[in-house]
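**Q** Here's my sequence, what's the structure:
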Amino acid sequence: MLCCTECRVLLTAQTGLTHVRAAAHTVPYARMSEDKYRNICNELGIRTDYPISQELDGIEVLSGLDIYTMALICGVDRCLMIFASRGAM
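**A** Numbering: from 1, shown residues only. A predicted model of the protein is given here:
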């Protein structure tokens, strides 16, 4: 998993580059090519999906991450992605 240092949320290899570009973060890797980004994520073994709740049972919490208690979950075609706001969907 990746962590956005500005938003303090977890990201996957699939969502990381899109997140920093859409959020207009001022990080150098936002201008990185998608191929280079994918290669780096593959080399580091970054997950391409979020863990399911059963995988998280008993795992220590990472301090500093924001926990959204009013998050929204997408139910379209069993997507199950979680968003912090309606605008992020």
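
**Q** What does the spatially most central residue of the chain show for phi and psi?
**A** Geometric centre of the chain, nearest residue: Leu11, 1.5 Å, by Cα atoms, centre = their mean. Here is the backbone geometry of Leu11 (degrees, to the nearest 10): phi -130, psi 160.

**Q** Would you report the backbone torsion angles of Leu10?
**A** phi -80, psi 140.

**Q** and it, what does it touch?
**A** When contacts are counted by Cβ atoms under 8 Å, 6 or more residues apart in numbering, Leu10 touches Met1, Leu2, Cys3, Tyr50, Leu65. Any C-beta I mention is one placed from the backbone N, CA and C, and that applies to glycine too.

**Q** any idea of the mean pLDDT for the lengthiest helix in the chain?
**A** Identified as the longest helix of the chain according to DSSP state H is helix 34-44. Mean pLDDT, helix 34-44: 92.

**Q** now that helix, how far from the centre of its chain.
**A** Centroid displacement of helix 34-44 relative to its chain, using Cα atoms, centre = their mean, to the nearest Å, is 15 Å.

**Q** For His25, grab phi and psi.
**A** Main-chain dihedrals, His25, degrees, to the nearest 10: phi -70, psi 150.
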